[in-house]
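S.K.: sharing a model that was predicted from the sequence below.
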Amino acid sequence: MVWFLVAGVLLVLNGVRAVDRSNFKTCDQSSFCKRMRTMGLDQSPYRAILETLELSDSRLTLQLINDNNKVRLLLELYRLQGNMTRLKINELKPLRSRFEVPDVLVGEPPTKPLSMVSRDEAGVVLSLGTDAHQLVLNARPFRLDIVEGARVLLSVNGRGLLAFEHLRPRKDTNTQKDSEGEETTEGAQEEGEEREEEEPGMWEETFKSHVDSKPNGPSSISLDFSLPGVEHVYGIPEHAENLRLKTTDKGDPYRLYNLDVFQYELYNPMALYGAVPVLLSHNAQRTMGIFWLNAAETWVDISANTAGKTLSGKVLDHAQVPSDAPQTDVRWFSESGIIDVFIMLGPKPSDVFTQYASLTGTQSFPPLSTLGYHQCRWNYNDQEDVRAVDAGFDEHDIPYDFIWLDIEHTDGKRYFTWDAANFPQPRDMLRGLQDKRRKMVAIVDPHIKVDSGYRIHNEIRSRNLYVKDKDGGNYEGWCWPGTAGYPDFTDPEMRAWWASMFAYDKYEGSMENLYTWNDMNEPSVFNGPEVTMHKDAIHGTWEHRDVHNLYGLYVQMATAEGLIQRSGGVERPFVLTRAFFAGSQRYGAVWTGDNAAEWGHLKISIPMCLSLGLVGISFCGADVGGFFKNPGPELLVRWYQTGAYQPFFRAHAHLDTPRREPWLFGPQNTALIRDAVRQRYALLPYWYQLFYHAHRTGEPVMRPLWVEYPQDVATFTIDDQFLLGRHLLVHPVTEQGSQGVSVYLPGVGEVWYDAHTFRRHDGDQNLFVPVTLSSIPVFQRGGSIIPRKVRIRRSSTCMENDPYTLYVALSPQGTADGEIYIDDGHTFNYDRQKQFIHRRLTFANSSLSSSNLSADSQFTTASWIERVLILGGQEPSAVTLRTADGSRSLEFEFDAATSVLTIHKPGVNAGSDWTVLLQ
């Protein structure tokens, strides 16, 4: 009977052609969201009790009281290093502990001294390091304002929407008096609260056939933030939405709740697979960020306002805002936990990236091969199928690095196993790939088949490491194997055990060129509420409602640790995850989930990955060709061209779709796809360099134009083109039948060069670019130097020792700069043993030179400089190479039609000092 029901579920999933919105809650169907949204503006019942204020070197504590029910809260304020402020609010005396998110921050954030500037009966003023930078606390009603000089940067509770549902017993208890004679409610029910309890959904909630028992009662929290002078906000992925977030007054808030939403709708605030509760604001003067550290179901309302309407209280003595100045109001509400907010004050975009990275870490530095092309589908049938697809790439001269296996490669969806009939000799298959310097990724999902003959299930059960249901038994749900258990990855013991299963002697058939894909880790439960786990399931002492958005992060964390451990800590891992949270960037890559072969899904992949990059997750991509449905040749070609310029480059397709390897759409389309993939491989040195910087600084690899041009208002809403690092601008063609695209080239006084024709264009203009099916509009910024490897081979590893070609794009001033970064491409030796090459490339005064950026690093490379192209150059009379061994003349040619000077075979090692002089 169970298998019959599961088969029915899978039939629905496989046959569906659009998301069934009835499976997922709206705000009105989420009782706490509905309660929070009905709160009135400017009616905050909270005031600060100034007599309770305590100020230490770096921390202020203060009690807040709700004048309606007399419940007290504890406010904590911290000034953090790096121009950040942390705000925490919890119950002063909670009935039981409330969940505080662990393991997301890379450490306890270092603090800086707080000092009091003034204090009176209306509130206090604190210094945030300078006289101009202050925090103003208003007592009645409670409100915080961060000001810089006479300018208000951000207000907290400016609209009076702070709410904190205190924990309480279900039955009334006696109230008691505090030291001031006021009634305090330690679990007591006041008259007003009795009315609250009558609201549906506080102690039990039903959605469709699922009942959420809510044994702890209502526990939601809410807080609003006002951003004077701001009209553009970004972030809070994951949503299939434009880069600039819309106001939500006329619809649902943006929802952050990791869910398995197949073939999702576009331009919709519905929750998707991942949730990063980070929002960035930007105007021409400043970039800021708000990090709401809460892992429960969260909604975010965004409203447009004018600053004069919300400015009040003590801040009026310190700052003014023009009454008609635009303002964006942002309100967060979560179902449980505490208020824990980091306010990142910038002021530059790069400062916000640094601030957030200091809290949650940077993008993991991936193995170089993972930046190549990945070929995947659900599923390659057997070892012979894998061999044939691998050979097809060689036959059609298309490079690739990874071939992927989906769930059908296992023994009956038992992960860490192989189907004995179709994959009888997995190591032979992996060795065949290894001989060609290629690799494989196999799926390992976090739902475990309940089967007494399955070792993985038996060990998890015997160690008591499954998530529990509300009654204390092992939680079970339906997923791909049928009835499945769900390991409790919030438990460090479970994560350590899971990591140990990737050892070569535990994961039978695995080798060092096998990597891992974690899918379905929202977690997906086919017969659960909203296709996920019941909120009253138990993780140790916490309900699932408290930890839901952490589950996918923990799965990827444990898997990445397993891949590191199996190599003795030497090799960098690669793990792709579908579900994610703040901090997931530390563990690998993400993709945008189960998209469709539609032009709209191709187009939305750009802002979706841009949004992820803004919140630290640079290693992002979308299924090339679309997972569901069947792309026509034009769509498929355009998707390859787009994917070749996005960080994670993988084609993937549903089980029911026809095969779509790159050579199956006719010779002309094969050639176009081949060209797109080869462009990717030529740029791998630049991609690798960008990921090195992302790992070191937190800056996104793929970034909106406003990040580099923060004062150019024209860039603030652009999300159909993007920058790769600082030096490449890409405008993919995402419209069917397009004959041209309008490209905005930013930068007053700058120039850009067409990366294919080398034609020079002025910045600060909208440029119409005619396109054919072979066109990928890409422009190199004047003043930059980009290394490429133009000898394209079957995989990135085969190109390891190949020579470089340097593309030097001159600025109007005749200068350019860039870098080369080289290491072994796969180990942690770059970090632990300083084994890398990092060199500065500089062109000035008719001289191109290479100098060392890291004097204490040591690494050798066989790669050399084969060619230099100088774009926007002039014809010299002679070209001379100078090295430590002396000088010699170099051959060159100059194309007057394109103003491109090509210098042939400098022949110098890529890790050495050298200078090329133009006479």
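M.R.: Arrived safely.
S.K.: next up, the contacts around T697.
M.R.: Taking Cβ atoms under 8 Å, 6 or more residues apart in numbering, we find T697 in contact with S350, F353, T354, A357, T362. C-beta here means a position set from N, CA and C on the backbone, and glycine is covered the same way.
S.K.: ignore what I typed, I meant D224.
M.R.: Going by Cβ under 8 Å, 6+ apart, D224 touches V156, N157, G158, R159, G160, L161, L162, D329, V330, R331, W332.
S.K.: same question, K112
M.R.: Contacts for K112 (Cβ under 8 Å, 6+ apart) come out as S58, R79, L80, Q81, G129.
S.K.: which one among those gets closest to P237?
M.R.: L80 (23.9 Å; Cβ to Cβ).
S.K.: and for the closest residue to that closest one other than its chain neighbours, the neighbour number?
M.R.: Of all residues not flanking L80 in the chain, P109 sits nearest, at 4.9 Å (Cβ to Cβ, 6 or more residues apart in numbering). P109 has 16 neighbouring residues, counting by other Cβ atoms under 10 Å.
S.K.: my guess is P109 contacts R79. True?
M.R.: No. With contact defined as Cβ atoms under 8 Å, P109 does not reach R79; the gap is 10.2 Å.
S.K.: just checking, what packs against the helix or strand where F333 lies?
M.R.: Applying DSSP states H and E as the criterion places F333 in strand 326-334. Counting contacts by 3 or more Cβ pairs under 8 Å, 6 or more residues apart in numbering; DSSP states H and E, strand 326-334 packs against helix 31-37, strand 221-228, strand 232-235, strand 287-292, strand 298-306.
S.K.: secondary structure class for the residue most central in space within the chain?
M.R.: Taking Cα atoms, centre = their mean, the centroid of the chain lies closest to I617, which sits 2.9 Å from it. Here I617 is recorded as coil under DSSP: H, G, I helix; E, B strand; the rest coil.
S.K.: one more: L144?
M.R.: Using three-state DSSP, the structure places L144 in strand.
S.K.: could you report the neighbour count for it?
M.R.: The burial count for L144: 24, using other Cβ under 10 Å.
S.K.: hang on, it packs against V136?
M.R.: Yes. Counting by Cβ under 8 Å, V136 is a contact partner of L144 at 7.1 Å.
S.K.: low-confidence stretches in the stretch 201-350 of the chain?
M.R.: Regions of the stretch 201-350 of the chain meeting the criterion pLDDT under 70 are absent.
S.K.: do that again at 80, thanks
M.R.: Residue ranges of the stretch 201-350 of the chain with pLDDT under 80: 308-323.
S.K.: break the protein into its domains for me.
M.R.: 23-167+200-260+276-310+329-346, 370-443+494-519+547-706, 709-918 (the TED database).
S.K.: what would those domains look like in JSON lines with distance to A319?
M.R.: Formatted as JSON lines, the domains of the chain follow (distance: least, Cβ to Cβ, whole Å):
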{"stretch": "domain 23-167+200-260+276-310+329-346", "distance to A319": "4"}
{"stretch": "domain 370-443+494-519+547-706", "distance to A319": "26"}
{"stretch": "domain 709-918", "distance to A319": "23"}
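S.K.: S462 is nearest to which of those domains?
M.R.: Among these, domain 370-443+494-519+547-706 comes nearest to S462, with 10.8 Å by Cβ to Cβ.
S.K.: that closest one: end-to-end distance?
M.R.: Terminal residues of domain 370-443+494-519+547-706 are spaced 28 Å apart (Cα to Cα, to the nearest Å).
S.K.: one more: stretch 93-100?
M.R.: So stretch 93-100: terminal residues 15 Å apart, Cα to Cα.
S.K.: what's it in contact with?
M.R.: Contacts with stretch 93-100, where a contact means Cβ under 8 Å, 6+ apart, come from 72, 90-91, 166-169, 184, 186-187, 216, 219, 295-296, 336-338, 340, 542, 546-547.
S.K.: residue contacts, Y234?
M.R.: By Cβ under 8 Å, 6+ apart, the neighbours of Y234 are L243, R244, L245, L279, L280, S281, H282, S611, L614, P704.
S.K.: ah, wrong one, I meant L60
M.R.: Here L60 is in contact with L53, E54, L75, E76, L77, Y78, L114, L126 (Cβ under 8 Å, 6+ apart).
S.K.: buried ones among those?
M.R.: By neighbour count, with 16 or more other Cβ atoms under 10 Å, the contacts of L60 hold L53, L75, E76, L77, Y78, L114, L126 as buried.
S.K.: relative to P218, how far out is the second one?
M.R.: Same thing as L75. Note on L75: its distance to P218, by Cβ to Cβ, to the nearest Å, is 21 Å.
S.K.: contacts only, for N801.
M.R.: The neighbours of N801, taking Cβ under 8 Å, 6+ apart as the test, are T861, A862, S863.
S.K.: what's the pLDDT at the closest residue in space to L154 that isn't next to it in sequence?
M.R.: Excluding its sequence neighbours, the residue lying closest to L154 (Cβ to Cβ, 6+ apart) is I146, at 4.9 Å. With respect to pLDDT, I146 scores 97.
S.K.: where's stretch 103-110 relative to the chain centroid, distance-wise?
M.R.: In terms of Cα atoms, centre = their mean, to the nearest Å, the gap separating the centre of stretch 103-110 from the centre of its chain is 18 Å.
S.K.: neighbouring contacts of that stretch?
M.R.: By Cβ under 8 Å, 6+ apart, the list of residues contacting stretch 103-110 from outside reads 78, 80-81, 84, 86, 293, 295, 342, 358-361, 550, 553-554, 557, 581-583, 586.
S.K.: and for stretch 41-51?
M.R.: By Cβ under 8 Å, 6+ apart, stretch 41-51 touches 62-69, 72-73, 75, 119, 121, 123-124, 137-143, 157, 159-162.
S.K.: circling back to that earlier point, may I ask which two of the buried ones among the contacts of L60 are separated the most?
M.R.: L53 and Y78 (14.6 Å).
S.K.: pull out the buried positions in stretch 871-885.
M.R.: L871, G872, G873, P876, V879, L881, R882, T883.
S.K.: and for stretch 892-901?
M.R.: Per 16+ other Cβ under 10 Å, stretch 892-901 contains these buried residues: F892, T898, S899, V900, L901.
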